[in-house]
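Give the three-dimensional model of this entry:
(chains A and B)
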Amino acid sequence: MNGVSNILVVGIGGQGVMTATEILAEAAIALGHDAKKTEVAGMAQRGGVVSSHLRFGPKVLSPQITPGTADVLLGFESAEAMRWQHMLKPGGITLMNTAKLVPPVVELGLFDYPEDPLAEIRKSGNKVVAFDATTIAQELGDIRLGNTVMLGAIADHLPFGAETLLACVLQRFARKGEKMVDLNRRAFEAGRAAVGAAEAALA
Amino acid sequence: MAAVMPAPAASRLLLSGNEAVARAVWEAGVKVAAAYPGTPSTEMMEVVSTYPDLYAEWSVNEKVSLEVAIGAAYAGSRAFCCMKHVGMNVASDALMTLTLTGVSGGLVIAIADDVGLSSSQNEQDSRYWGRFAHVPVLEPADSQEAYAMTLYAYTLSEQFQVPVILRMTTRINHVKSLVTVGERVAHAGAGFKKDPARYVMVPGNAGKRIPLMFKRDGELRALAETSELNFIEDGSDKRIGFIASGPAYMHVKESFPDAPVLKLGFSCPVPFEKCRQLAAMVDQVVVVEEVEPLVETELKAQGLQVIGKEILPLQGELSPNVLKPAIARLLGEPVPETQSTVALNVFPRPPTMCVACPHLGVYYTLSQVRNLNISGDIGCYTLGAGHPWNALDTCVSMGASMGIALGMDKGRGEADKDKRVVAVIGDSTFLHMGMQGLLDMVYNKGNVTVLLLDNRAVGMTGGQDNPGNGRDIYGDDAPRIDFAKLVSALGVKEERIHTVNPYELPVLFKTLREEVKVPEVSVIITDQPCVLIKDYHKLKPFEVLEDKCTGCGNCIDVGCPAIHVTRRGKEVKPSGREVDLAFVRIESSVCTGCGLCLQPCAPDAIVHHVPTSPIQFASKGCAA
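Okay, here's the model as predicted:
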């Protein structure tokens, strides 16, 4: 579809994937875009796979991203970022948290967790930038800031400036007081900087 | 949930289909709304309950919810009822006679079809009910339409005094898109007008209503022919014209922007003339409908040459990556390949039970007892069928664990003569449709041990309240059922009823072992709350002392997602048998100290975790 951006946000149930995508949708709408957000989240509250689709542009019809057409893949978890590589368009980019969440089926020895998801994505030829959102959040004092770090990470890979997205993020915390707003601003900027630094290192 | 101030009229909001319907329910002046939770319909009633000026309830099952709505509509008020697709199987007894009486106040029934089975035991096409019950069906294609069609459905319902089905699918219920909302218009209830010939459906009265129903069918079909909800959009590529409804319409427009399309929003009764009109404009017609070939079959019966399920799947969603190749093949064109060349294999990640879930204790125990046939039910505890427990053998429909267990007992073959039959059911499922099965089991002298897992919530759908937890949909106090007294009233002997804390594994194990040996109906009630609701209280987290862990792996068999393997090894036993070792750690940041894992731990390597950093951890909603 002409002028429609496709953003795929993936992770597992409970990580905040759907909320992050909703904030991205709010930013797109604030800029006058039409937008649709949809999930494939089978019983996701129980630690299952979540993939959240955001499409925005002048007019969005089908809410789902067709395989091979995603512009950006934002991965909250390493193996999940790997799982959805087929969704990316040629030249699309993956921005991924290096965190690994190992499910019980792996702990039971029924399946293996990939040795190095980042390396496997690289080897496939797809563009990928990795960063440690979890540690960044912990260093800021609260692991819950990871969600905002992830949104900061995608901020410079959208067809609009980072300010609108930041404003939409901070609006969510406005009621929680200035301290929370400030912490989230720092988390957002830290995510942005982490991706910027990782990209500079690759260049 | 407390009532909130609704957004002002003309607001443009990002709403899911569920939220959009809820807004329209409020704007339509609905007085009574009732539902039982079920994915993907649940949020409709959750959101309805946040609006002022109406009464909302969680009913014990879908049939009761529909009956509550019918009563309100008979009383002249506007009423709303919603459910997932399988809910209408339960409610249909009421629906099939409701169609004869009709309604006074408008009644809209929103049915959410889980096309693609994101969280259901089957896939059904609820548009059948429109045909079966002779009631109109509206099919929105996005949130704005879900909103607008709900409002229109009330007008239609009152115009024809007929209940209206709003057929939604997961891809409507859960997709968020922009909706422009309007003003609420209050609706004054007309009051109940006694009319036995209409409302008392004994044979003599009902027989006279049937011709009226058929007459209404004709009138509704005529209206569908002229309805603005059914419209043709012309296109330059006349090789194929599409007839599509619901989300399939969006997929068609996305995939074939130049093709003529007849969009069916008022899809039952099918407007045959409009379909003929489209057919006259194009070389051939393809009907794109999720899931069953309903419109297709009816058009073929009318003598129209249309194509449908010959080239499209009978299961799942008809998204662009399904439609484009199918149509390319039909046209004899090269099939477009997906642009992506990369596909990396990753382990499956099935849903898991939560950290410290009280069901973990139940399934660990069941997995340790041999010779059981376990009849299961629908809820989080259905996950007990998976690893590591493999301790649930059937799952069919709400409450079915009871009847199926009795049937397994009565129908046991020679091979099962030493097997014990166990039924596992949750609190809400038991109240929904399990009670009758237990009564049947007691009455017919079955030999079944029932595990009634009372976690004080409808867990799988997000922890909704029910008569078992003493709160109503608004979170206000409500009478709380006493499960022990209830099963006693159904005839289970007092000495066969046990209430057990599922975190106390030895007690649960001993109780289960003893009860399965008794050849009559026993009920073991577990009484600890879902970890996701406010009744649950976290305790101090645990950790594993690395030097004490022997790698026995017993704790892993509990199935808690907070337990992780740090390294694996092998050990040769004195008998010469080689065993696998798995040394573990506990993710103390998510552990809530339920203590299940330390009970099977042989070397006492699990101890309370002493926080070593000032970092605040969260059990959920975090990025990693």
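
What residues does the stretch 301-450 of chain B have near chain A?
For the stretch 301-450 of chain B, the residues in contact with chain A under the definition Cβ under 8 Å from any Cβ of the partner chain are B:317, B:319-321, B:338-344, B:346-354, B:380, B:383, B:387-388. C-beta: built from backbone N, CA, C; applies to glycine.

Tell me which entries of these lie within helices.
When DSSP state H defines the helices, the subset of those inside them is B:320-321.

Generate a PyMOL selection restricted to the buried subset of the residues of the stretch 301-450 of chain B next to chain A.
Command for PyMOL, covering only those of those found buried under the criterion 16 or more other Cβ atoms under 10 Å in any protein chain shown:
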select buried, chain B and resi 317+319+320+321+338+340+342+344+346+347+349+350+351+352+353+354+380+383+387+388
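
Run through chain A and note the low-pLDDT ranges.
Regions of chain A meeting the criterion pLDDT under 70 cover residues A:1-2, A:41-45.

just the helices in it please.
Counting by DSSP H, chain A forms helices over residues A:17-30, A:78-83, A:104-107, A:117-124, A:133-139, A:146-154, A:162-173, A:178-202, given from the N-terminal end onward.

I'd like those written out as CSV, with mean neighbour count added.
Supplementary listing: these in CSV, determined by neighbours: other Cβ atoms under 10 Å in any protein chain shown:
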stretch, mean neighbour count
helix A:17-30, 22
helix A:78-83, 25
helix A:104-107, 20
helix A:117-124, 18
helix A:133-139, 22
helix A:146-154, 29
helix A:162-173, 17
helix A:178-202, 17
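
Quick one: closest of these to B:Gly361.
Between B:Gly361 and the helices of chain A, the shortest separation by Cβ to Cβ is 15.7 Å, and it involves helix A:104-107.

Minimum distance to chain B: which of the helices of chain A has it?
Counting by Cβ to the nearest Cβ, chain B lies closest to helix A:146-154 out of the helices of chain A; the figure is 2.0 Å.

could I get that closest one in PDB with only the CA atoms?
Written as PDB, here are the backbone C-alpha positions of helix A:146-154 (Å, rounded to 0.1, in the frame of the first residue of the first chain):
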ATOM      1  CA  GLY A 146      12.700  -1.100  29.800                       C
ATOM      2  CA  ASN A 147       9.500  -0.500  27.900                       C
ATOM      3  CA  THR A 148      10.400   3.200  27.500                       C
ATOM      4  CA  VAL A 149      14.000   2.300  26.600                       C
ATOM      5  CA  MET A 150      12.600   0.100  23.700                       C
ATOM      6  CA  LEU A 151      10.500   3.000  22.500                       C
ATOM      7  CA  GLY A 152      13.500   5.300  22.600                       C
ATOM      8  CA  ALA A 153      15.300   2.600  20.500                       C
ATOM      9  CA  ILE A 154      12.900   2.800  17.600                       C
END
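
close to chain B, is it?
Yes: taking Cβ under 8 Å from any Cβ as the criterion, helix A:146-154 and chain B are in contact, through A:146-147, A:149-150.

if I've got this straight, B:Asn222 is in a strand?
Careful, residue B:222 is Ala and not Asn. No: B:Ala222 is assigned helix when assessed by DSSP: H, G, I helix; E, B strand; the rest coil, not a strand.

Thanks a lot, see you next time.
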